[in-house]
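1. quick one, fold the following:
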Amino acid sequence: RIVATVDEAPQHPDIAFVQSLLDERGPVSRPAVVEEVAWGSRFRVHHRIADAFRDNRILLAGDAAHVHSPAGGQGMNLGIEDAVILGEHLSQVLDTGADEALLDEYAATRRRAARGVVTMTSRLTELATASARRRPIRNRVMRMAGQLPAIRRALAWRLSGLNRR
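-> Coordinates of the predicted model:
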C-alpha cells in the first residue's frame, strides 16, 4: 500500500506515477520497483467524530459515528466494536427492561474510544505525510523508538485495538 500526499493526484494512479513517488520519497538503500498497480485511487483524509452517538431513539455506530485516516488500520475494528457493544446494550434494554441510561453509557464510552482512535490515526497520518525536510528527523526518531521494547509493545497494543478490550 502506498499512501502519499501530493498537490495534484491523478484520478487513477498508474505505474509511472507510483514509481515516481517511490523514486522521490522511497527507500534509498534498496529502491522499490513498481511492477503493477492492482488498484489505485485518490482520496482526501477526513477526521471527524459525531457530536453525539445517541439522540433519543437514534444511535450511531461505525462510519456513521466516526471517520478517519486508514493509518493504523483501525476503522473496521472500531466499527465492529461499536456494533457489538451497541447490540449487547440494546438487547439488555429490550429484553430485560434495563434502564435506557445504558444507551447513554454506550454513546459516551464509544465516543471516547473513537476520539482515541481518531487522535492516533491523525498523528500517524501526520507522521506518514511529513514534509521532505522533516522526514529524516521522523525516520531517525522512529528508528530509535523502535529499539525500545516498551514503545514497541505499547504501539502493538494500540494498533491491534487490544488496548480497548
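2. quick one: terminal-to-terminal distance for stretch 92-106?
-> Stretch 92-106 has an end-to-end distance of 12 Å (criterion: Cα to Cα, to the nearest Å).
3. so for that stretch, what's the average pLDDT?
-> What stretch 92-106 shows for mean pLDDT is 92.
4. chain center to that stretch: distance?
-> 29 Å (Cα atoms, centre = their mean, to the nearest Å).
5. now it: buried residues?
-> By neighbour count with 16 or more other Cβ atoms under 10 Å, stretch 92-106 contains the buried residues 93, 103, 106. Quick note: C-beta positions are derived from backbone N, CA and C, even for glycine.
6. which one is the last one nearest to, not counting chain neighbours?
-> Counting by Cβ to Cβ, 6 or more residues apart in numbering, the nearest residue to Tyr106 once its immediate chain neighbours are dropped is His89, at 4.6 Å.
7. tell me the pLDDT of that neighbour.
-> Per-residue confidence (pLDDT) for His89: 95.
8. was I right to think it contacts Asp104?
-> No - under the criterion of Cβ atoms under 8 Å, His89 makes no contact with Asp104, lying 9.7 Å away.
9. pLDDT at Gly26, what is it?
-> pLDDT, Gly26: 86.
10. sorry, that was for Arg158
-> pLDDT, Arg158: 84.
11. list the buried ones in the one helix or strand it maps to?
-> Taking DSSP states H and E as the criterion, Arg158 maps to helix 149-160. By 16+ other Cβ under 10 Å, the buried positions in helix 149-160 come out as Arg158.
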